[in-house]
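Colleague: A structural model of the following input is requested.
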Amino acid sequence: MKIVTLTAALLLCASSASAQKGARGRARPMRPPPRINVPPRRQALEKEFRQRSEQVVREKLNLSDDQVSRLRSVNANVGAQRNALFAQERLVRLDLRDEMAKGAAADQSKVSQLMTQARDLQGRRFALQQDEQQQLSGFMTPVQVAQYVGLQAQIRQRMREMQQGQNGEPVVPNP
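Modeller: Numbering: from 1, shown residues only. Now for the predicted structure:
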């Protein structure tokens, strides 16, 4: 499932980033975190989360077995692409933040290049989102697609809250 893949990637990025510190104590990975050597406990937790997420989606959207199967397929394809885009966007944001931290000494051309990369990646992410929704509409009703998108947003928000709690930042519950 896309939600699960995103969640796993977010969890992996959070733990990897907190383990790697750059200048001024900021998290600064050199490349996206590898999926090798994932501890068995984490693998089990991710599998359990995927199963629970699928169960919630199936129940809330009243999906048939065929729809769940097709959703898994879409999520496997789109999820991998989305994770790659998120990793690229994160690296661009970190590079931009580092360059801007130089103040007046920031390299204008590098900042311009990074801003262009960020805009291009956002466009690619938006196009991927459109493609995903088009694929979903091939086997879900418009209401199911809208509900699914809403569930994804709720899960992403909850993951952000959990990550903030892990990083020692205050966790503000949803109103």
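Colleague: I'd like to know how far the closest residue to residue 100 other than its chain neighbours sits from residue 90.
Modeller: Counting by Cβ to Cβ, 6 or more residues apart in numbering, residue 100 lies nearest to residue 106, which is 5.8 Å off, once chain neighbours are set aside. C-beta here means a position set from N, CA and C on the backbone, and glycine is covered the same way. According to Cβ to Cβ, to the nearest Å, residue 106 stands 20 Å off from residue 90.
Colleague: re earlier: can you report how many residues neighbour the residue nearest to residue 100?
Modeller: 13 (other Cβ atoms under 10 Å).
Colleague: Give me the local confidence score for it.
Modeller: Listed pLDDT for residue 106 reads 96.
Colleague: Give me the phi and psi for it.
Modeller: phi -60, psi 140 (degrees, to the nearest 10).
Colleague: from here on, count from 187
Modeller: Fine by me, first position is 187 from now on; the one you just mentioned is residue 292.
Colleague: correct me, but it touches residue 283?
Modeller: No. Using Cβ atoms under 8 Å, residue 292 is not in contact with residue 283, being 10.8 Å away.
Colleague: Specify the local secondary structure of residue 224.
Modeller: Under DSSP: H, G, I helix; E, B strand; the rest coil, the three-state class of residue 224 is coil.
Colleague: Based on its surroundings, how many neighbours for it?
Modeller: Neighbours of residue 224 (other Cβ under 10 Å): 13.
Colleague: Please apply the same query to residue 226.
Modeller: Residues near residue 226, counting by other Cβ under 10 Å, number 7.
Colleague: what about residue 324, distance to residue 235?
Modeller: Counting by Cβ to Cβ, the gap from residue 324 to residue 235 is 26 Å.
Colleague: Which one's more surrounded, those two?
Modeller: Neighbour count, other Cβ under 10 Å: between residue 324 and residue 235, residue 235 has more, with 17 against 9.
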